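1. Quick check, what structure comes out for this input:
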Amino acid sequence: MLADSSFVSRSREGLRGVLSRSGVDHGVLIPCEDDWVRAIADLIDHGAGSFMSTTPPRSVVECLVDKRAFARTLDELGVDRPRTFEVHSVGDLAQIEDDELPSFFLKPHDSQRFVKEFHMKAFPLTTRDEAARLLERALRGGHEVLAQERISGPPQNHVFIDGFVDRRGRVLGLLARRRFRMYPPRFGNSTDTVTIPLPEVADAVESLRRLFAGIGFHGMFDAEFKRAGVAGPHKIIEVNARPWWQIELARAAGVDVVRMAYADALGQDVDPIPRYRLGRRWVHTFPDLRARWEGPRGRWPHTDPHEGWFSARHAVFRWSDPAPGLSEVMRVARVALDLGLGREP
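-> Numbering: from 1, shown residues only. Have a look, this model is predicted:
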């Protein structure tokens with residue numbers, strides 16, 4: 001990190017200023033949040049000097065980051081997705097029948113800003129009155145939103161396709177992984193995920209290839225899909241055009257997307273990776289323990305038929321770098337103490 005991003009304008013000019021003050025005269029830029037994806041794409045579009053990146057052009061980035069643009073792009077390309085409606089006022093909710101409301105949620109165009117304000121990814125809907133109240137709350141905050149169908153089914157129905165596309169549009173690395181648990185249970189993040197064979201998600205891979213060819217995408221990516229049952233189609237939920245939480249799992253499985261992106265940004269040829277290791281596992285330790293405690297009771301992890309829970313790649317715990325793990329233990333201890341004393345953590 002060149003600077004604490006919380007004090008830097010997440011824009012082309014803000015980034016240009018940071019780079020000019022950094023004392024670094026050249027390098028490869030890799031964004032880790034959607035605002036920085038936009039900023040780096042904008043910088044590259046307008047000339048970044050001796051700085052390089054595999055981030056796609058701003059027009060391509062907006063097709064993925066802006067949820068309204070994403071929905072429209074999927075429709076134009078014929079890519080299967082959950083039912084989605086644009087919602088500008090309470091009247092627009094009339095497109096959804098009363099008995100269907102609990103299967104929909106309000107989803108922001110700009111997820112990052114929404115999460116910062118409301119500390120949740122979306123608003124679940126139940127009754128008509130509550131839907132109107134939540135919509136008005138979002139609109140008062142200046143958020144543009146969509147109403148999207150929530151695909152039923154357990155966390156295991158979520159799959160992810162991760163990989164890398166080079167500057168010539170070649171998909172050089174692909175891997176699939178399945179979610180086993182998530183937290184929070186409704187609109188949360190994966191806490192336990194395992195690599196699986198690509199043929200299990202062939203329709204999702206085909207949808208992703210069609211999307212990327214249609215918009216001219218290149219760079220590293222993480223795409224989320226979900227199916228309603230064991231035989232239904234995988235419908236695309238979102239695509240991250242940047243590193244993601246479980247990126248270490250890709251490297252552990254043999255698809256080092258960061259190294260591929262770095263070499264491609266330097267103009268070097270990158271060899272395709274035809275296969276990867278199956279059964280490799282990633283766990284976010286404390287949220288996963290909470291998901292196990294609050295969710296359906298299942299088998300203890302070491303009895304699972306793939307890489308064991310204790311030998312998995314853990315999000316913040318690593319013997320070679322213990323500081324993040326110790327920081328996480330201290331954070332959890334502070335939260336537990338606050339809750340025990342009746343204070344807001």
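2. how about the helices in the stretch 201-345 of the chain?
-> Using DSSP state H, counting those that start in this stretch, the helices of the stretch 201-345 of the chain run over residues 202-215, 247-252, 257-265, 285-294, 323-340.
3. beta partners for the residue nearest the centre of the chain?
-> The chain has residue 240 as the residue nearest its centroid, 5.0 Å off, counting by Cα atoms, centre = their mean. Counting by DSSP bridges, residue 240 is bridged to residue 222.
4. and residue 254, what are its phi and psi?
-> phi 100, psi 10 (degrees, to the nearest 10).
5. Who's the closest spatial neighbour of it, skipping the chain neighbours?
-> Leaving aside its sequence neighbours, residue 254 sits nearest to residue 276 (Cβ to Cβ, 6 or more residues apart in numbering; 4.6 Å). For glycine as for every other residue, the C-beta is placed from the backbone atoms N, C-alpha and C.
6. ok, back up a step: let me have the helices of the stretch 201-345 of the chain in TSV, extended by mean neighbour count and mean pLDDT.
-> Putting those into TSV (neighbours: other Cβ atoms under 10 Å; pLDDT from 0 to 100) gives the following:
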stretch	mean neighbour count	mean pLDDT
helix 202-215	18	97
helix 247-252	21	94
helix 257-265	20	95
helix 285-294	17	88
helix 323-340	12	86
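7. What residues does residue 39 make contact with?
-> Counting by Cβ atoms under 8 Å, 6 or more residues apart in numbering, residue 39 touches 10, 11, 12, 14, 15, 31.
8. Dig out what the closest residue in space to residue 248 that isn't next to it in sequence forms beta bridges with.
-> Setting aside the residues directly before and after it, residue 248 is nearest to residue 313 in space (Cβ to Cβ, 6+ apart), at 5.1 Å. Beta bridges link residue 313 to residue 282, judged by DSSP bridges.
9. okay, now residue 313: neighbour count?
-> 18 (other Cβ atoms under 10 Å).
10. quick revisit: quick one: the contacts of residue 39 as TSV, columns for secondary structure too.
-> Below are the contacts of residue 39 laid out as TSV (DSSP: H, G, I helix; E, B strand; the rest coil):
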residue	secondary structure
10	coil
11	coil
12	helix
14	helix
15	helix
31	coil
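11. Hmm, which of those residues is lowest in pLDDT?
-> Ranked by pLDDT, the contacts of residue 39 bottom out at residue 10, which has 80.
12. Okay, now the sheet partners of the helix or strand where residue 190 lies, with direction.
-> In this assignment (DSSP states H and E), residue 190 forms part of strand 189-196. Applying DSSP bridges to the sheet, strand 189-196 is found paired with strand 171-183 (antiparallel), strand 281-283 (antiparallel).
13. In PDB, list the C-alpha atoms belonging to it.
-> The C-alpha trace of strand 189-196 is given here as PDB (Å, rounded to 0.1, in the frame of the first residue of the first chain):
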ATOM      1  CA  ASN A 189     -19.400 -13.900   2.700                       C
ATOM      2  CA  SER A 190     -18.000 -17.400   2.300                       C
ATOM      3  CA  THR A 191     -16.400 -18.800   5.500                       C
ATOM      4  CA  ASP A 192     -15.600 -22.300   4.100                       C
ATOM      5  CA  THR A 193     -15.000 -22.900   0.400                       C
ATOM      6  CA  VAL A 194     -13.400 -25.800  -1.500                       C
ATOM      7  CA  THR A 195     -12.100 -26.300  -5.100                       C
ATOM      8  CA  ILE A 196     -14.200 -28.600  -7.300                       C
END
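14. report the angle between the axes of that strand and helix 285-294?
-> Angle of strand 189-196 versus helix 285-294, following axes from the mean of the first three to the mean of the last three Cα atoms, to 10 degrees, is 100 degrees.
15. just how off-centre is strand 189-196 within its chain?
-> Taking Cα atoms, centre = their mean, to the nearest Å, one finds the center of strand 189-196 at 12 Å from the center of the full chain.
16. before we move on, the earlier item: so the residue nearest to residue 248 touches residue 247, yeah?
-> No: checked against Cβ atoms under 8 Å, the pair residue 313 and residue 247 is beyond contact range at 10.1 Å.
17. Identify the residues contacting the closest residue to residue 101 other than its chain neighbours.
-> Leaving aside its chain neighbours, residue 101 sits nearest to residue 125 (4.8 Å; criterion: Cβ to Cβ, 6+ apart). For residue 125, the contacting residues are 101, 102, 104, 105, 106, 131, 134, 147, by Cβ under 8 Å, 6+ apart.
18. what's the pLDDT at residue 125?
-> So, for residue 125, pLDDT stands at 89.
19. go on, residue 233?
-> On the pLDDT scale, residue 233 gets 93.
20. so it makes contact with residue 226?
-> No: Residue 233 lies out of contact with residue 226 (Cβ under 8 Å); the separation is 10.0 Å.
21. neighbour count winner among the two?
-> The neighbour comparison of residue 233 against residue 226 (other Cβ under 10 Å) goes to residue 226, with 20 against 13.
22. Around residue 81, how many other residues sit close by?
-> If you count neighbours by other Cβ under 10 Å, residue 81 ends up with 19.
23. so who does it touch?
-> 71, 74, 75, 235, 236, 237.
24. Apply the buried test to those and list what passes.
-> 71, 74, 235, 236, 237 (16 or more other Cβ atoms under 10 Å).
25. Most neighbours among the contacts of residue 125, please name it.
-> Top of the contacts of residue 125 by neighbour count (other Cβ under 10 Å): residue 104, with 27 neighbours.
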